[in-house]
Structures are given as C-alpha cells and as structure tokens.
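A.B. asks: structure of the sequence below:
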Amino acid sequence: MLKLNRKISESIIITTPTGELIKIHLFSSSRSQSTLGIEAPENYTILRDELVDRYKLDTTDECL
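C.D. replies: Numbering: from 1, shown residues only. This next block holds a predicted model:
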C-alpha cells in the first residue's frame, strides 16, 4: 500500500497499463472525513468499498 499526504486541491494521478489516466482530487478534509473527486475513463467502474460485494451480485447499474 502506498500512503500519501495531500493538501486541499492537490491530486494523485494513476496511469493504467493501457496508458489511460485516473486522477484523484482532494476537495476537503477533516479529522474524520475527506471529500474526493475521481476522474476516470467512462468504461471504468468506481465503487465505494462497502458496495463491492453487492455489485458482484448485481451487475446492473441500479446498485451504483
């Protein structure tokens, strides 16, 4: 696992094996919560951790 510190308005960029970019923005942060924005190609599914099992059971867009 890579742990990074970011300030508000700073970003992290991930390059996929196919050369596509995923950009993660930090919008706000407090001691218990952070607000992130994620820019990724439309064909990528982005889920909160607690929804992964549910998504595996139901792959329709209803659970997103």
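A.B. asks: helices of this structure, residue ranges please.
C.D. replies: 52-57 (DSSP state H).
A.B. asks: centroid-nearest residue for the chain?
C.D. replies: residue 38 (5.0 Å; C-alpha atoms, centre = their mean).
A.B. asks: mind listing what that one touches?
C.D. replies: Residues in contact with residue 38 (C-beta atoms under 8 Å, 6 or more residues apart in numbering) are 22-25, 46. Where C-beta positions appear, they are placed from N, C-alpha and C, glycine not excepted.
A.B. asks: can we see that at 10 Å?
C.D. replies: Each residue near residue 38 by C-beta atoms under 10 Å, 6 or more residues apart in numbering is listed here: 12, 14, 22-25, 44, 46.
A.B. asks: equivalent analysis for residue 41, please.
C.D. replies: Contacts of residue 41 (C-beta under 10 Å, 6+ apart): 16, 18, 20-22.
A.B. asks: show the model's pLDDT score for residue 56.
C.D. replies: For residue 56, the model assigns a pLDDT of 77.
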